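*Asks:* Generate a structure from the sequence data that follows.
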Amino acid sequence: LGGVDLNLLTALRVLLEEGNVTRAGQRLELSQSAMSGALAKLRRRFDDELLTRNGRDYELTPFGAELLPEVQETLRLINTALGVEEEFDPATSERVFRFMMSDYAIAMAHDHLLTRVREAAPNIRLQVDHMYLGPDPRALERVLVDYDVLVGPLGYAFAGRSRPLWRDHFVCLVDPGNPRLADGRLSMTDVAELPHAVATFGPGNLTPVDRAFGEMGLERRIRVRVSGWLALPFVIEGTDMVAVVPERLARLHAGPAGPLTMTPLPFDDILLAEGYWFAATRLSDPAHRWLFERLDEVGGALAEADPSMP
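*Replies:* Coordinates of the predicted model:
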């Protein structure tokens with residue numbers, strides 16, 4: 001191993017997780033001078049600053065940000081190989097969990113998740129990044145290394161494990177002044193001829209709506225593309241466009257108090273199954289097992305809140 005002190009791996013992980021020398025020392029119960037010494041050794045080892053000053057605080061260098069998930073995974077694998085399980089007390093833990101989530105998933109699940117985490121683990125922090133998946137298969141392979149959890153539609157070919165969260169189906173959203181509306185409904189001809197606003201999640205990534213229209217051989221007149229589902233209701237308000245969106249999201253913008261009209265699809269239902277993905281090695285970590293239990297509770301709460309969903 002070229003004389004590398006493997007004990008520095010723990011210091012490296014905590015320094016990168018905290019992004020702060022003082023807080024890292026507090027977590028490891030080491031003096032600030034000891035942590036500064038460890039950081040100096042790590043900087044020489046990697047020939048990178050890892051942490052740089054930004055005003056009164058620090059920020060990770062690009063290399064440091066890329067290194068963090070690798071170090072976290074390496075330490076988990078070392079502990080597994082040695083039969084050592086890290087202690088985890090949610091009441092005192094200051095872990096940071098990284099999530100990649102679609103905007104729709106954030107809107108549906110964040111309140112339930114935050115409530116459960118905050119009640120049992122007030123010092124745990126969640127970092128949530130918007131789901132955007134590029135066409136590079138190597139980038140897809142890294143998602144479950146870079147992130148503790150990915151929440152999104154089941155059906156993507158990730159290499160990790162997945163568990164279901166909730167189910168939904170799609171409806172049409174239109175402005176109430178749309179001249180095509182007849183008795184609160186749109187016909188198949190209307191959907192084919194109206195301009196559409198659609199959601200995208202990265203080049204080459206088809207949504208359930210994309211697949212359904214493709215299977216029907218129906219080519220939509222796409223006028224606007226936006227990243228994610230959440231912006232679509234705002235895009236179509238006051239226009240003649242239609243958007244096909246998950247019903248749970250549509251309900252937030254339709255109805256007596258909402259500015260839009262929700263109508264059923266004029267063809268067979270399009271189902272959406274949301275779940276969460278994680279690397280199988282995460283199960284060796286008691287902190288991740290605790291987190292996954294909270295996510296399972298979120299799925300149960302959403303199913304209980306709306307038993308009418310498919």
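
*Asks:* Give the residue spans of this structure that score low on pLDDT.
*Replies:* Regions of the chain meeting the criterion pLDDT under 70 cover residues 1-3, 56, 85, 132-142, 156-157, 307-308, 310.

*Asks:* show me where it has strands.
*Replies:* Using DSSP state E, the strands of the chain run over 51-54, 57-60, 96-101, 125-130, 149-153, 161-174, 195-200, 221-227, 242-246, 261-263, 271-278.

*Asks:* out of the ones you listed, deepest packed?
*Replies:* strand 242-246 (a mean of 27; mean count of other Cβ atoms under 10 Å). (C-beta placed from N, C-alpha, C; glycine too.)

*Asks:* and the angle for it with strand 271-278?
*Replies:* Interaxial angle, strand 242-246 versus strand 271-278 (axes from the mean of the first three to the mean of the last three Cα atoms, to 10 degrees): 50 degrees.

*Asks:* Could you list the residues in contact with strand 242-246?
*Replies:* With Cβ atoms under 8 Å, 6 or more residues apart in numbering as the test, strand 242-246 has contacts from 104, 168-174, 178, 186, 190-191, 194-199, 209, 229, 232-233, 235-236, 265, 270, 272.

*Asks:* I'd say residue 104 and residue 249 touch.
*Replies:* Yes: using Cβ atoms under 8 Å, residue 104 is in contact with residue 249, at 5.6 Å.

*Asks:* list residues touching both of the two?
*Replies:* 229, 230.

*Asks:* for the nearest residue to residue 246 once chain neighbours are set aside, which residues make a bridge with it?
*Replies:* If the residues on either side of it in the chain are set aside, residue 246 comes closest to residue 168, at 4.4 Å by Cβ to Cβ, 6 or more residues apart in numbering. For residue 168, the beta-bridge partners under DSSP bridges are residue 272.

*Asks:* ditto for the one 5 residues further on
*Replies:* Residues found in beta-bridge contact with residue 173 (criterion: DSSP bridges) are residue 243, residue 262.

*Asks:* Quick check: it vs residue 226, distance?
*Replies:* For residue 173, the distance to residue 226 (Cβ to Cβ, to the nearest Å) stands at 13 Å.

*Asks:* where exactly do the helices run in the stretch 1-150 of the chain?
*Replies:* Along the stretch 1-150 of the chain, counting by DSSP state H, counting those that start in this stretch, helices occupy 8-18, 21-28, 32-46, 62-82, 103-120, 137-146.

*Asks:* mind checking which of these is nearest residue 299?
*Replies:* Proximity to residue 299 (Cβ to Cβ) singles out helix 103-120 among those, at 8.4 Å.

*Asks:* Please work out the angle formed by the directions of the closest one and strand 221-227.
*Replies:* Angle of helix 103-120 versus strand 221-227, following the same axes, to 10 degrees, is 30 degrees.

*Asks:* Put the alpha carbons of helix 103-120 into CSV.
*Replies:* Only the C-alpha atoms of helix 103-120 are listed here, as CSV (Å, rounded to 0.1, in the frame of the first residue of the first chain):
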residue,chain,number,x,y,z
ASP,A,103,-38.7,17.0,-8.1
TYR,A,104,-42.0,15.0,-7.9
ALA,A,105,-40.5,12.7,-5.3
ILE,A,106,-39.4,15.6,-3.3
ALA,A,107,-42.8,17.2,-3.4
MET,A,108,-44.5,13.9,-2.4
ALA,A,109,-42.2,12.5,0.2
HIS,A,110,-40.0,15.2,1.8
ASP,A,111,-42.4,16.2,4.5
HIS,A,112,-43.0,12.6,5.7
LEU,A,113,-39.2,11.8,5.5
LEU,A,114,-38.1,15.0,7.3
THR,A,115,-40.6,14.5,10.1
ARG,A,116,-39.4,10.9,10.8
VAL,A,117,-35.7,11.8,10.6
ARG,A,118,-36.1,14.9,12.8
GLU,A,119,-38.1,13.1,15.5
ALA,A,120,-35.5,10.4,16.0
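
*Asks:* Could you check it and say which residues are buried?
*Replies:* 103, 104, 105, 106, 107, 108, 109, 110, 112, 113, 116, 117 (16 or more other Cβ atoms under 10 Å).

*Asks:* Show the contacting residues for residue 226.
*Replies:* Counting by Cβ under 8 Å, 6+ apart, residue 226 touches 197, 198, 199, 200, 232, 235.
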